[in-house]
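> sequence and computational prediction follow.
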Amino acid sequence: MEKSLLDKAKNSNAWPFQEALRILKSLNGKTPDKGYVLFETGYGPSGLPHIGTFGEVARTILVKNAFNIISDIPTKLITFSDDMDGLRKVPDNIPNQDMLKIHIDKPLSKVPDPFEKYNSFAEHNNEKLKSFLNQFNFEYEFKSSTDCYLNGDFDKTLINILNNYEKILEIILPTLGKDRRKTYSPFLPICEETGKVLQVPVKNINLNNGTIEYTNEKGQNIVTEVTKGKCKLQWKADWAMRWAALDVNYEMNGKDLTPSFDLSKKIVQIIGGKAPVNMVYELFLDQNGEKISKSKGNGLSIEEWLSYGTEESLTLYMYQNPKRAKRLYFDTIPKNVDEYSRFLSSAKNQDIELLIKNPVWHIHKGKIPEYNQEISYSMLLNLASVCNADNAEILWGFVSKYTKDNDQSDPLMNNLINKALQYYKDFIAPNKKYKLPSENEKMALESLNIRLGKLNNSTDAEEIQSEVYETGKEFQYDELKEWFSALYQILLGQMQGPRIGSFIAIYGCKETIDLINRAIKGELTN
């Protein structure tokens, strides 16, 4: 690592570097005994993986990459699936719900796949998550809770939990309601008859044999080992056990899990382990301001984002302001696609100090691609809107005319045009509402046409913008934003729109004159 980059990185205020420095400090700059720094993300496959699940992995990888810049200590990322958890309720957004109800309380890895593609519901959701991560070329190791319990990977730590049973109860019980205190145990036995994960009181523990005694659903007293996959742990104890068993060094979580993290931190200390360095991120909200949820299936899915936006735009969304609650809905996509392009464009002229603060540097691990995009995603949407485009050929006609070097063999522009076209069809076209111009607006539009008629299609955007601006002043709009708003509503059928000079430069002066004439005649209809 060249010294100038290392020095700048260690003094950067980019949040991935800040997190990486916290990890390095926690290690006192030394390699852990296991030989690497372990980053972990968690996933509960009780529902389809949502965009928040992806976001946690993406952000953790950003921190891991930053750590690799400031330190030569090896790193590893584990994406851990809690697939031995019992199915507590049937998600709203999946098929075969009646079938699933029969399997309530069974481990997710033992519940049949309602999509009928995999051996279990957990496997279906795990594979779905892995396919998303693989699409982004993320480097990670997948671990299954079921495999770890059954293979004995956690046995030593489970015995440690049993040996500290009473101390753990002292931590957890005060946080529970009166009735729950009577039945709580950190151990959840797996019933040999029904296969269910039982939430039952533990009557006795035997430290010598490593067993617990409980009463099953038939009223029979059962003694079972806590190892070999015959029990699993309640969530907070399970989290702490995992940190200790795997020696996790870094893990982030959503704000809603902060109380759980604090309790798990106390538990891991009791069993002689150490809580990982932790970052709390704010939650994603749907269009109604509600937290997105796997079981509800609200918010936006990864597939939906990638239907309309690029992979880089999604990673940028995850990079930006992780400690701020953010609305996650379809209208966030165009903004992030264009912001990515702006960051990419600005990277060309930045020195190393500014560059490592630029999100694209982190998104591309320092290997920033060339930028040659001249037309923004938002502009493509506006072109599609004014043309009522129903195929990519229409948009390519304008793009090829405006950008001499661009043709349909350009895969990046082709991808962007197709995504913009799909977004236009699904979200803009159904909501277009043209405004009929008033008499004063008709006169202003006619005046604008005269001005545009004196220009040609090689006139630059700034000169066109100036002519539009002067037209608004000529017709004495109190605020020029009212003039521009009228243009958007009359010509595009939208409340908001592009910088009008840039739009006309791409669409063409002659074409805009024709469009204005149609608007004056009332031919632009919803």
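Arrived safely, thanks for sending.

> state whether residue 228 is indeed within a strand.
No. Secondary structure of residue 228 (DSSP: H, G, I helix; E, B strand; the rest coil): coil, not part of a strand.

> any idea how far residue 323 is from it?
Separation of residue 228 from residue 323 (Cβ to Cβ, to the nearest Å) stands at 41 Å. Just so you know, the C-beta spots here come from the backbone N, C-alpha and C atoms, and that holds for glycine as well.

> neighbour count: these two, which is higher?
The neighbour comparison of residue 228 against residue 323 (other Cβ atoms under 10 Å) goes to residue 228, with 14 against 10.

> correct me if wrong: that one contacts residue 150.
Yes. Residue 228 lies in contact with residue 150 (Cβ atoms under 8 Å); the separation is 7.3 Å.

> can you list the domains in the protein?
Residue ranges for the domains of the chain, per automatic domain parsing: 3-176+233-285, 302-363, 377-428, 439-520.

> who's in contact with stretch 205-218?
For stretch 205-218, contacts defined as Cβ atoms under 8 Å, 6 or more residues apart in numbering pick out 159, 162-163, 165, 185, 187, 189, 191, 193-194, 198, 200-204, 221-227, 231.

> weed out the non-buried ones from the residues you listed.
Among these, those classed as buried by neighbour count (16 or more other Cβ atoms under 10 Å) are 159, 162, 165, 185, 187, 189, 191, 198, 200, 202, 222, 224-227, 231.

> so who does residue 162 touch?
Counted by Cβ under 8 Å, 6+ apart, residue 162 has contacts 187, 205, 207, 210, 212, 226.

> check which element follows the worst-scoring helix or strand of the chain on mean pLDDT along the chain.
Least confident helix or strand, the chain: helix 392-402 with a mean of 84, by mean pLDDT, DSSP states H and E. Downstream of helix 392-402, the first helix or strand assigned by DSSP states H and E is helix 411-423.

> which parts of that next one are buried?
In helix 411-423, counting by 16+ other Cβ under 10 Å, buried: 413, 414, 416, 417, 418, 419, 420, 421, 423.

> just give the closest residue to the last one, not the sequence neighbours.
To tie it back to what came earlier, the one meant is residue 423. Closest residue to residue 423 apart from its sequence neighbours, by Cβ to Cβ, 6 or more residues apart in numbering: residue 308 at 4.3 Å.

> the one you found and residue 330 touch, don't they?
Yes. Taking Cβ under 8 Å as the definition, residue 308 is a contact partner of residue 330 at 7.0 Å.

> which neighbours do those two have in common?
residue 423.

> what about this protein, any weak spots by pLDDT?
By pLDDT under 70, the weakly predicted segments of the chain are 1-2, 293-299, 404-407, 409, 526.

> swap the cut-off to 80 and go again
Scanning the chain for pLDDT under 80 picks out the ranges 1-3, 286-299, 372, 401-410, 457, 478, 525-526.

> any idea which helix or strand comes after the longest helix seen in it?
Determined from DSSP state H, the single longest helix within the chain is helix 51-70. Reading on from helix 51-70 to the C-terminus, the next helix or strand found by DSSP H and E is strand 75-81.

> contacts for that following strand next, please.
By Cβ under 8 Å, 6+ apart, strand 75-81 touches 36-45, 57, 60-61, 64, 67-68, 122, 125-126, 129-130, 133, 138-145, 242, 246, 248.

> among the residues you listed, which are in helices?
When those are checked against helices (DSSP H), the matches are 57, 60-61, 64, 67-68, 122, 125-126, 129-130, 133, 145, 242, 246.

> residue 83 is in contact with residue 107, correct?
Yes. At 7.1 Å, residue 107 and residue 83 qualify as touching, with contact defined as Cβ under 8 Å.

> joint contacts of the two?
122, 146.

> who's in contact with residue 108?
Taking Cβ under 8 Å, 6+ apart, we find residue 108 in contact with 45, 46, 82, 83, 84, 85, 86, 87, 120, 121, 122, 125.

> identify the residue spatially nearest to it, adjacent ones excluded.
Nearest-residue entry for residue 108: residue 122, 3.9 Å, with adjacent residues in sequence omitted and distances by Cβ to Cβ, 6+ apart.

> what of residue 312?
Counting by Cβ to Cβ, 6+ apart, the residue nearest residue 312 is residue 340, at 5.0 Å.

> contacts only, for the one you found.
310, 312, 313, 316, 359, 360, 363.

> ok, how many other residues are close to the nearest residue to residue 201 once chain neighbours are set aside?
Once flanking residues are discounted, residue 201 sits nearest to residue 183: 4.7 Å by Cβ to Cβ, 6+ apart. The tally of other residues near residue 183 (other Cβ under 10 Å) stands at 11.

> you'd agree residue 183 is up against residue 202?
No. At 9.3 Å, residue 183 does not count as touching residue 202 under the criterion of Cβ under 8 Å.

> look up how far residue 251 lies from the most centrally placed residue in the chain.
With distances taken as Cα atoms, centre = their mean, residue 55 lies nearest the centre of the chain, 3.4 Å away. To residue 251, residue 55 is 14 Å away according to Cβ to Cβ.

> next: residue 184.
25 Å.

> more neighbours, the two?
Counted by other Cβ under 10 Å, residue 184 and residue 251 do not tie: residue 251 has more neighbours, with 23 against 17.

> distance of the more buried one from residue 82?
In terms of Cβ to Cβ, residue 251 sits 13 Å off from residue 82.

> give me the common contacts of those two.
By the contact definition Cβ under 8 Å, 6+ apart, residue 251 and residue 82 are jointly contacted by residue 42.

> re the thing from before, with adjacent residues omitted, what lies nearest to the residue nearest to the centre of the chain?
residue 318 (4.5 Å).

> isn't that neighbour right up against residue 59?
Yes. Using Cβ under 8 Å, residue 318 is in contact with residue 59, at 5.5 Å.

> tell me which of the two has more neighbours.
residue 318 (24 against 21).

> list the residues that contact that one.
54, 55, 58, 59, 62.

> the third one touches residue 140, doesn't it?
No. With contacts defined as Cβ under 8 Å, residue 58 does not count as touching residue 140, sitting 10.9 Å away.

> neighbour count: these two, which is higher?
When residue 58 and residue 140 are compared for neighbours, residue 58 comes out ahead with 23 against 19, by other Cβ under 10 Å.
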